[in-house]
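Q: return atomic coordinates for the entry below.
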Amino acid sequence: MIICQCNGISDRAIRKAVRDGANDRNDVIRACAAGMGCGGCVPAVEQIIDAEREKAARSSLLVLELAAS
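A: Got it, this is the predicted structure:
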């Protein structure tokens with residue numbers, strides 16, 4: 001799904017940027033240009049960042065739990 005209409009950036013591209021190390025909106029802008037135009041997509045970009053970070057945290061917790069068992 002296209003999130004950033006100005007630059008034609010999809011949610012997949014934003015998720016990949018976060019998985020590749022983008023930690024905040026400015027990092028995402030540098031990585032894929034989402035949020036660089038009008039700014040209308042910034043709330044959606046931030047939601048995607050939060051969701052990906054939460055997903056990564058859950059994965060890390062699961063690995064730790066498995067290692068402890």
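
Q: OK, contacts around residue 52?
A: 15, 18, 19 (C-beta atoms under 8 Å, 6 or more residues apart in numbering). For glycine as for every other residue, the C-beta is placed from the backbone atoms N, C-alpha and C.

Q: could you report the neighbour count for the second one?
A: Per other C-beta atoms under 10 Å, the neighbour tally for residue 18 reads 23.

Q: do the same with residue 3
A: Neighbour tally, residue 3, other C-beta under 10 Å: 22.

Q: state the helix or strand in which it lies.
A: strand 2-4 (DSSP states H and E).

Q: list the strands paired with that strand, with their directions.
A: Here strand 2-4 is paired, per DSSP bridges, with strand 9-10 (antiparallel).

Q: which parts of the chain are helices?
A: Under the criterion DSSP state H, the chain contains helices at 11-19, 25-32, 42-68.

Q: distance to residue 4 and mean pLDDT for these - can I get that in a markdown table?
A: Shown next, in a markdown table, are the helices of the chain (distance: least, C-beta to C-beta, whole Å; pLDDT from 0 to 100):
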| stretch | distance to residue 4 | mean pLDDT |
| --- | --- | --- |
| helix 11-19 | 8 | 97 |
| helix 25-32 | 8 | 97 |
| helix 42-68 | 7 | 86 |
